[in-house]
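A.B. asks: Okay, structure incoming, though there's no sequence with it:
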């Protein structure tokens, strides 16, 4: 059965997935991007284990948002599909989700540490630290592991959609980053920025700098790009 999704969604999801290795966010097949069509009640995601060099439009898998059933595609969807679905169900603002195992963000996840706000580069995109989740319990790993991975992110953000907008990323402890945005492409951009600020933070912390910058400076950088008074860029 062919499910019709909004024009351009499948191509956007493909392009975002193909960008992951180009920008150094993934080794082998370690990463995936999805995009949602809420009107159709489905999302499109990378198939499991398909090398990026081989990935094509016909390989993408369409999954029903309500129950996680595959409704279009011949391949199995990403093993992280249920995590994506959980995030879509919890946060109406999300139009796309990206998951990678990028080196510096994973380092923070494995250390179980938030990525701190140490400068304006971070504050340009994230209005606060990129938080790390608690460890999953044995029970959460034994059953519905991937969905529970989404749930600990949702619980971490207290199911607050505005908080998800202001800090569109989280680190799953011992695992790695999930990022999101209004589109699949924006979720990928946030993954790129998440890795960049994690790299910068590690270098900064290695110099012994731990004192956060003035809050008013960070707020200024966030609000000049986001919100009703934003003035960065051009129409």
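C.D. replies: Structure's in. What do you need? Bear in mind the structure is a predicted one, so any value in this text is a computation, not a measurement. Residues are numbered from 1 along each chain as shown.
A.B. asks: for the closest residue to residue 231 other than its chain neighbours, what are its contacts?
C.D. replies: Spatial nearest neighbour of residue 231, chain neighbours left out: residue 224 (5.8 Å); criterion: C-beta to C-beta, 6 or more residues apart in numbering. For every residue, glycine as well, the C-beta is placed using N, CA and C. By C-beta atoms under 8 Å, 6 or more residues apart in numbering, residue 224 lies in contact with 230, 231, 232.
A.B. asks: Kindly recompute the last result at 10 Å.
C.D. replies: 120, 123, 124, 230, 231, 232, 233 (C-beta atoms under 10 Å, 6 or more residues apart in numbering).
A.B. asks: what about residue 15, which SS state?
C.D. replies: helix (DSSP: H, G, I helix; E, B strand; the rest coil).
A.B. asks: can you check residue 34 too?
C.D. replies: Per three-state DSSP, the local secondary structure of residue 34 is strand.
A.B. asks: Now residue 218: which helix or strand?
C.D. replies: helix 215-223 (DSSP states H and E).
A.B. asks: Geometric centre of this protein: which residue is closest?
C.D. replies: For the chain, the residue nearest the mean C-alpha position is residue 179 (1.6 Å; C-alpha atoms, centre = their mean).
A.B. asks: is it fair to say that one lies in a helix?
C.D. replies: No - assigned with three-state DSSP, residue 179 falls outside any helix and is strand.
A.B. asks: ok, so what distance separates it from residue 66?
C.D. replies: Going from residue 179 to residue 66 by C-beta to C-beta, to the nearest Å gives 24 Å.
A.B. asks: What of residue 57?
C.D. replies: For residue 57, the distance to residue 66 equals 24 Å [C-beta to C-beta].
A.B. asks: Over to residue 19?
C.D. replies: Using C-beta to C-beta, residue 19 is found at 29 Å from residue 66.
A.B. asks: Looking at these two, which has the bigger crowd around it?
C.D. replies: For residue 19 versus residue 66, neighbours defined as other C-beta atoms under 10 Å are more numerous around residue 19 (20 against 10).
A.B. asks: Which residue is the nearest non-sequential neighbour of that one?
C.D. replies: According to C-beta to C-beta, 6+ apart, the nearest residue to residue 19 is residue 188 (6.0 Å).
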